[in-house]
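Asks: Let's see this in three dimensions:
(2 chains)
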Amino acid sequence: MVAILEQVFRDQWGRVLAALIGFLGDFDLAEEAAQEAFAIAAERWPRDGTPTSPGTWLVTTARNRAIDRIRRDRTLAAKTRLLQVPEPAEGMVSATTFPDERLELIFTCCHPALAVDAQVALVLRTLGGLTTVEIAHAFLVPEPTMAQRLVRAKRKIKAAGIPFRVPPEHLLADRLVSVLAVVYLIFNEGYRGRGELAAEALMLGRALAELMPDEPEVHGLLAMMLLLDARREARFRNGQIVLLVDQDRSLWDAAQIADGRFVLDRALELRGRGPYVVQAAIASLHAAQPLDWPQIAALYGELARLTDSPVVELSRAIAVAEARGPQEGLDIVDRIALEDYHYLHSTRGELLRRLGRTAEAREAYGRALTLVHDEAERRLLERRLQELGTAAGR
Amino acid sequence: MKYMLLIHQGDAPTPRSPEAWATLSEDEQKAVFADYQAINQTPGVTPGLGLDAPETATTVRVQDGKTLTTDGPFVELKEAVGGYLVFEADDLDAAIELAARIPAARLGGAIEVRPIVEW
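Replies: Model prediction:
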């Protein structure tokens, strides 16, 4: 029973809360009501059995609780004449279904009038159902800081009149970029080691693909996340980063790679050529054997053109080095202005090593080491430098 | 919802500084006037009263019952409010769209959108 409740919570929290916010127009009231409904479910379902439509049961119960609360408050308000409580609209829940307003909710949470860290926290709290404590831990932020961030964001939504809606056509493209960026940011945090966030991002990506089936970039992002996440088990060995070419392919999730490619095909059918679709195509090629470096280099070229990002240009340099030799890769690296980026220096080091310019390679790795913060990355660099030390220098 | 839109001129050229104003072409100057006029005639907009330049401001404080005055605005000259208007709109998106139409926003200034609390 506990397992069923947990499953229902995972599946339904976002939908139930979104419907309640849409109905009540208030994040806090909706959250309290949803929590209350889940608590009542935990008490009643083991005794009376699970209702046939758990989501509808939860929304109805939560809505009734919220209306009771509003009525109580109104009685109080009538006595004190201090508060104006709006009359709740009736008849929103039919017997078997209730509106899916998760899309309205995610666009509201990712409104550009909110800071990005607040957007991320709100999405994880409302759609992901994570507790404030869990979000604080995931982002290595003190609990009170995260709690305050959430309170402030919810207060701003209400006070500033941020609308609860899917933006109209002329705003949609820009706003979708913010939504996808938040999901990607959550995924990236997870990809760097905190797996539960990667799972949240995949859940959000799946929901978006279901709710916006005609948006190629939505499918592109989901495909990219599926393809990268499929290699998660192979990316670390004993706390050390394992590079793509050295990864144990038996640890890759073949079913998830197939799933990712299926989603990518959908994006391509929709004529998607945006940055997420291109990144998904690159991730798909990375999961193929043998690696098609000329094609990967061409796609990185396309991505660099779309994003104008020097970090992408660095990835292109690596692919070009594989496709056409280290000198051509190095020529690109030496044109990139990313002096303080440790990957630039470790890439230079690797290409110089391949060219037999060991002394310069050692210098480049040394420079990378002074810039790196992540412990696993540091160990990787130290290992490279050590390997260079045993090779003959010149 | 009611919003106050606070217009910060920042580096935006205004007719008050003829030198900066001259950097705009005649068409651009005409567009600035036309845009402000269109905004003031937009339904829901209550145009603000005209404020003189921030340089003419006097800032007043009271310490230990004594009135202290200083020359200039409370914030840096460049950050001072240059004008304002009130806009009654459905939601923040509508207010942001109006703010983006104010010439100062595209000429180096910025618009602060503040909800007005109604008691």
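
Asks: I believe residue A:156 is in a helix; please confirm or correct that.
Replies: Yes. The assignment for residue A:156 by DSSP: H, G, I helix; E, B strand; the rest coil puts it in a helix.

Asks: Can you give me every residue that contacts it?
Replies: A:113-114, A:118, A:162 (Cβ atoms under 8 Å, 6 or more residues apart in numbering or on different chains). C-beta coordinates here come from the backbone N, C-alpha and C atoms, glycine included.

Asks: which of the residues you listed count as buried?
Replies: Using 16 or more other Cβ atoms under 10 Å in any protein chain shown as the burial test, the contacts of residue A:156 include A:113-114, A:118, A:162 as buried.

Asks: Among these, name the ones that also lie close to chain B.
Replies: A:113, A:162 (Cβ under 8 Å from any Cβ of the partner chain).

Asks: Looking at the buried ones among the contacts of residue A:156, spot the one nearest residue A:153.
Replies: residue A:118 (3.9 Å; Cβ to Cβ).

Asks: Okay, the nearest residue to that closest one once chain neighbours are set aside and residue A:348: tell me how far apart.
Replies: Ranked by Cβ to Cβ, 6 or more residues apart in numbering or on different chains and with sequence neighbours excluded, the top spatial neighbour of residue A:118 is residue A:153, at 3.9 Å. According to Cβ to Cβ, to the nearest Å, residue A:153 stands 42 Å off from residue A:348.

Asks: out of these two, which sits in the more crowded spot?
Replies: Neighbour totals were compared for residue A:153 and residue A:348, and residue A:348 leads with 25 against 21 (other Cβ atoms under 10 Å in any protein chain shown).

Asks: Okay, and the closest residue to the more buried one other than its chain neighbours sits in which element?
Replies: Spatial nearest neighbour of residue A:348, chain neighbours left out: residue A:364 (4.2 Å); criterion: Cβ to Cβ, 6+ apart. Secondary-structure assignment from DSSP states H and E places residue A:364 in helix A:358-371.

Asks: which parts of that helix are buried?
Replies: Buried, per 16+ other Cβ under 10 Å, within helix A:358-371: A:358, A:360-362, A:364-365, A:367-369, A:371.

Asks: correct me, but residue A:21 touches residue A:105?
Replies: Yes. Here residue A:21 reaches residue A:105: they are 6.2 Å apart, a contact under Cβ atoms under 8 Å.

Asks: roughly how far apart are the residue nearest to residue A:348 and chain B?
Replies: Per Cβ to the nearest Cβ, to the nearest Å, residue A:364 is found 42 Å from chain B.

Asks: dump the residue contacts of that residue.
Replies: A:345-346, A:348-349, A:352.

Asks: Chain B contacts on the stretch 51-200 of chain A?
Replies: Counting by Cβ under 8 Å from any Cβ, the stretch 51-200 of chain A comes close to chain B at A:111, A:113, A:159-163, A:167, A:171.

Asks: just to revisit the earlier point, list the ones among the contacts of residue A:364 that fall in helices.
Replies: The helices, defined by DSSP state H, take in A:345-346, A:348-349, A:352 from the contacts of residue A:364.

Asks: Can you tell me which of those are buried?
Replies: Those of the ones in helices among the contacts of residue A:364 that meet the buried threshold are A:345-346, A:348-349, A:352, by 16+ other Cβ under 10 Å.

Asks: Quick one: residues contacting the residue of the stretch 251-394 of chain A found nearest chain B.
Replies: As assessed by Cβ to the nearest Cβ, chain B sits closest to residue A:308 within the stretch 251-394 of chain A, at 21.9 Å. Applying Cβ under 8 Å, 6+ apart, we find residue A:308 in contact with no residue.

Asks: what's the host helix or strand of residue B:33 in contact with?
Replies: In this assignment (DSSP H and E), residue B:33 forms part of helix B:26-40. With contacts defined as Cβ under 8 Å, 6+ apart, helix B:26-40 is touched by B:21, B:24, B:45, B:47, B:85, B:98, B:101-103, B:107.

Asks: mean confidence score for stretch A:120-131?
Replies: Across stretch A:120-131, the average pLDDT comes to 93.

Asks: Skipping adjacent residues, who's closest to residue B:42 in space?
Replies: Closest residue to residue B:42 apart from its sequence neighbours, by Cβ to Cβ, 6+ apart: residue B:98 at 6.6 Å.

Asks: before we move on, what about residue A:128?
Replies: Take residue A:128 and drop its neighbours on the chain: the residue closest to it by Cβ to Cβ, 6+ apart is residue A:200, 4.7 Å away.

Asks: Can you give the distance of whatever helix or strand the one you found lives in from its chain's centre?
Replies: Assessed by DSSP H and E, residue A:200 sits inside helix A:195-211. Centroid separation for helix A:195-211 versus its chain: 7 Å, with Cα atoms, centre = their mean, to the nearest Å.

Asks: ditto for stretch A:322-336
Replies: Chain-centre distance of stretch A:322-336: 32 Å, with Cα atoms, centre = their mean.

Asks: buried sites along that stretch?
Replies: Using 16+ other Cβ under 10 Å as the test for burial, stretch A:322-336 gives A:322-323, A:326, A:329-330, A:332-333, A:336.

Asks: Please convert these to TSV, extending it with distance to residue A:128, secondary structure and pLDDT.
Replies: Formatted as TSV, the buried residues of stretch A:322-336 follow (distance: Cβ to Cβ, whole Å; DSSP: H, G, I helix; E, B strand; the rest coil; pLDDT from 0 to 100):
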residue	distance to residue A:128	secondary structure	pLDDT
A:322	38	helix	95
A:323	40	helix	95
A:326	44	helix	96
A:329	40	helix	96
A:330	43	helix	97
A:332	39	helix	96
A:333	39	helix	96
A:336	36	coil	94
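
Asks: Just put those residues in JSON lines and tack on distance to residue A:250.
Replies: Conversion of the buried residues of stretch A:322-336 to JSON lines gives the following (distance: Cβ to Cβ, whole Å):
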{"residue": "A:322", "distance to residue A:250": "23"}
{"residue": "A:323", "distance to residue A:250": "27"}
{"residue": "A:326", "distance to residue A:250": "30"}
{"residue": "A:329", "distance to residue A:250": "30"}
{"residue": "A:330", "distance to residue A:250": "34"}
{"residue": "A:332", "distance to residue A:250": "34"}
{"residue": "A:333", "distance to residue A:250": "33"}
{"residue": "A:336", "distance to residue A:250": "35"}
